[in-house]
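> please find the sequence and the predicted model below.
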Amino acid sequence: MNKIIFLVFTFLSASTWAESKVTYCPTNSFIGIQIRNNLNFPIIACSDVQSRLEMAVTQAQKITTVDLSKTFLVIYNQDLPKGSAYSWVTSTMSVDISDIQSTDNSMAVFHHEMGHKIYFETLSKVVPEVSERMPKILAHQDYLKKCQSTSTPEIGCDPVQTNSEIQKLNDSFSKQFDQFIYITTPYNELFADIVASLVLDDVNAIAKVMAECTNSDYACEYRAFSKNTIDKFAGENPYSRFSPIRRDLWDGYVALRSDDTDKLLKELADVFIDESYSHFVEDYKLIEGMSALVEIKRLKTRMNLNVLESPTIKYGLQ
Ligand SMILES: [Zn+2]
């Protein structure tokens, strides 16, 4: 979800260790579940969140054949600076549950992060720098299962060595690959919002859980699929890059293919990744507002999205 590859380490620094406690929730729905309770905030127990997250992943699994259980969950009982996030290098989803009462309302965010995992599945097959590294990424999943999903890790688990190995892997991508990630991120965010909407059967699932929206500020509309809006961030915000064609994309492409969501998501990821991988070198050289215009124009032509009316200016979500 960031311009550079975002790596979420699963180890607490020594300074925070004294105030934190790790709880392990035995599960078959994920690689593992860790709850990292900061003792200065209300404590979360497995019974508070586990069944809800397991039900959520079962629900998400209905729309895709990508194995979502190959995800390691690390739950925090405090606000994370960047909110919830998925790191494909470590197969780890960091989940921000600072307010247990609102967990059900935040499920759209969980499904959005699962969307990144589904996008990565195609990325790992299409982009050579990722394909080459898959054995190490899969080995890390094994490590998490054996060493990080239980309070009694197997003999031979060495967090320090593994930490340095995964850091090395993260640092091993080329500068050009970083440029590709920068260009593909807005597509990835758009894709993840589509996944959240499909799972929850609500075109505005993500828009509705944004803070602006819950405060009745319609600034959240740029994440809605019920309308095309103006990209008020002029291409600088990866979440708003495709706001001007969101409704057209949904009505003119997604809705027409929603009978087979697995096929739809594969095709969509193919298009988005091909678009960004084929053009990232030239797009990266442009200023953001300009690359946004170029990318939108290309996508509209390629996906045959006919704009029926000008961007909707009426406020309010459907
Ligand atoms: Zn995201």
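The structure has been received and is ready for your questions. Residues are numbered from 1 along each chain as shown.

> and the helices in the chain, which stretches?
Ranges of helices in the chain, per DSSP state H, are 14-17, 46-61, 107-126, 128-131, 134-143, 159-171, 175-200, 205-209, 211-214, 246-249, 261-285, 288-302.

> so which elements touch the fourth one?
Packed against helix 128-131, as judged by 3 or more Cβ pairs under 8 Å, 6 or more residues apart in numbering; DSSP states H and E, are the following elements: helix 107-126. The C-beta positions use only the backbone N, C-alpha and C, and glycine is treated the same way.

> what's the helix it packs on packed up against?
Helices and strands touching helix 107-126, by 3+ Cβ pairs under 8 Å, 6+ apart, are helix 46-61, strand 85-87, strand 92-96, helix 128-131, helix 175-200, helix 205-209, helix 261-285.

> of the ones you listed, give the one that comes closest to residue 248.
Set against residue 248 and scored by Cβ to Cβ, the helices and strands packed on helix 107-126 come closest in helix 175-200, at 12.3 Å.

> so for that closest one, what gets flagged as buried?
Neighbour-count burial for helix 175-200 flags 177, 179-200 (criterion: 16 or more other Cβ atoms under 10 Å).

> figure out which of the helices of the chain is closest to residue 151.
Here helix 46-61 is closest among these (Cβ to Cβ), at 12.2 Å.

> of all the residues in that closest one, which ones are buried?
Using 16+ other Cβ under 10 Å as the test for burial, helix 46-61 gives 46, 48, 49, 50, 53, 54, 56, 57, 60, 61.

> per-residue confidence for residue 314?
According to the prediction, residue 314 has pLDDT 51.

> quickly, which of the helices and strands packed on helix 107-126 bottoms out on average pLDDT?
When these are compared by mean pLDDT, helix 205-209 comes last with a mean of 90.

> who does that helix touch, helix- and strand-wise?
Contacts defined by 3+ Cβ pairs under 8 Å, 6+ apart place helix 205-209 against helix 107-126, helix 175-200.

> can you add distance to residue 258 and give those helices back as JSON lines?
Converted to JSON lines, these look like this (distance: least, Cβ to Cβ, whole Å):
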{"stretch": "helix 107-126", "distance to residue 258": "15"}
{"stretch": "helix 175-200", "distance to residue 258": "7"}
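
> still on that earlier bit, which of the helices of the chain sits closest to the ion?
Nearest to the ion, of all the helices of the chain, is helix 175-200, at 4.7 Å by Cβ to the ion.

> the closest one vs helix 261-285, what angle?
Here helix 175-200 runs at an angle of 150 degrees relative to helix 261-285 (axes from the mean of the first three to the mean of the last three Cα atoms, to 10 degrees).

> just the angle for helix 175-200 relative to helix 107-126, thanks.
Orientation of helix 175-200 against helix 107-126 (the same axes, to 10 degrees) gives an angle of 130 degrees.
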